[in-house]
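1. 3D, please:
(one chain, ligands or ions: 1)
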Amino acid sequence: MVVGVLALQGSFNEHIAVLRRLGVKGVEIKKPEQLDNVSSLIIPGGESTTMAKLAEFHKLFPALREFVKMGKPVWGTCAGLIFLADKAVGQKQGGQELVGGLDCTVHRNFFGSQIQSFEADVSVPELASKEGGPETFRGVFIRAPAILEVGPEVEVLADYLVPSNKVLYSSSTVEIQEENSTPEKKVIVAVKQGSLLGTAFHPELTADTRWHSYFLKMAGEVGGGASSSSIVAVGEEDPGLNQQSKIDLPVFQ
Ligand SMILES: NC(=O)CC[C@H](N)C(=O)O
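-> All right, here's what the predicted structure looks like:
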C-alpha cells in the first residue's frame, strides 16, 4: 500500500516517517498527476494560506477536489483539516482557497497565536475502541484550528474541553469568548465523514501511531490495499510504543 502525502509545505516528512514505522510507504505529492499513483492522501499541518498559494501555483486544486469527490480516503491534519473543510473562518484578508468536502466549519486559529500552542490529552473513544490503547490521545496543538460546526454526516471522533486557564487572548478568538458566557468550552478536534478524516492537532509529532493506523484501515477498506497484517498495532509488535504514555514529543526519528 502506498499513501500519498501532500508535500508542498509543513510536516509531510514526519507523516512519511510514521507511515514507514508502520511498514507503509508514503510518497510525496507535489504535482497533480502524482495523485494518479496513490489511492489515499494525507494533507499535513503547516500554514494553510501558504499551502493554498503553493497548491494554486502547482495547479493542484482541481485534482485534489476530484480525489475527494471520488471517495478516496483523505486525512487532513491541522492546516490539512482547514484545507478539507467546506468553510473556514478567521482567514487572512482575501481568504484562501479550500479543497472542501468535509461538511464542517473550522476556525483557522481557534486557540490563538503561535505562542499559545500547547499539548493536551484529548478524549478519543472511537480511536481507542478501534485501535486499543488509552481513551485519550496526546494532542499537539500548534496554532491549531478547531471545528466549530459539523453537518449531519459528520462523526465527531475527539473533543477537548478548553480549560479556563487557557482562555484565549488573541484578537482572532475574542469573538468566541464574547459569544460564550462560561470560559470553559468543549471543542471538536477530530472528525470523520465517510472517507474523510480531520484532526486539528498533529499526531505525526507524537510516538502514538494510532491515528495513522486508523487512517490506514480506512484506506484499506476503500482501496482494498491494506491487509491488517501490514499495520503494526499499537503496543503489540513495537516494544517502543509500550512507553508511549511517557513520551510527549520525541517525534521525528
Ligand atoms: N499547525 C498548523 O497546521 C497550523 C495551521 C494554521 N492555523 C493555519 O491557518 O494554517
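2. do stretch 69-89 and the ligand meet at all?
-> Yes. Stretch 69-89 reaches the ligand (C-beta under 6 Å from any ligand atom) through 78-79, 82. C-beta: built from backbone N, CA, C; applies to glycine.
3. Now rank those residues by neighbours and give me the top one.
-> residue 82 (32 neighbours; other C-beta atoms under 10 Å).
4. Can you pull the phi/psi pair for it?
-> Dihedral pair for residue 82: phi -60, psi -40, per degrees, to the nearest 10.
5. need the contact list for the nearest residue to it once chain neighbours are set aside.
-> Spatial nearest neighbour of residue 82, chain neighbours left out: residue 48 (4.2 Å); criterion: C-beta to C-beta, 6 or more residues apart in numbering. Shown in contact with residue 48 (C-beta atoms under 8 Å, 6 or more residues apart in numbering): 79, 82-83, 88, 96, 108.
6. ok, the residue nearest the centre of the chain to residue 118 distance?
-> Centroid-nearest residue in the chain: residue 77, 2.0 Å away (criterion: C-alpha atoms, centre = their mean). According to C-beta to C-beta, to the nearest Å, residue 77 stands 16 Å off from residue 118.
7. Buried ones in the top helix by length along the chain, by neighbour count?
-> As assigned by DSSP state H, the longest helix anywhere in the chain is helix 210-223. Residues 210-220, 222-223 are the ones in helix 210-223 that count as buried (16 or more other C-beta atoms under 10 Å).
8. again with stretch 116-126
-> Buried positions in stretch 116-126, judged by neighbour count with 16+ other C-beta under 10 Å: 116, 120, 122-124.
9. In TSV: these, plus pLDDT, distance to the ligand and secondary structure.
-> Output for those, formatted as TSV (pLDDT from 0 to 100; distance: C-beta to the nearest ligand atom, whole Å; DSSP: H, G, I helix; E, B strand; the rest coil):
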residue	pLDDT	distance to the ligand	secondary structure
116	90	11	helix
120	93	15	strand
122	94	15	strand
123	94	21	strand
124	96	19	coil
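10. between those, which is nearest residue 67?
-> Residue 67 lies nearest to residue 124 out of the buried residues of stretch 116-126, by C-beta to C-beta, at 26.3 Å.
11. so what's the closest one up against?
-> Residues near residue 124 by C-beta under 8 Å, 6+ apart: 135-137, 157-158, 190, 210.
12. give me that answer again for 7 Å
-> 135-137, 157-158 (C-beta atoms under 7 Å, 6 or more residues apart in numbering).
13. follow-up on the earlier one: let's have the residues of stretch 69-89 next to the ligand in TSV, adding pLDDT.
-> Putting the residues of stretch 69-89 next to the ligand into TSV (pLDDT from 0 to 100) gives the following:
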residue	pLDDT
78	98
79	97
82	97
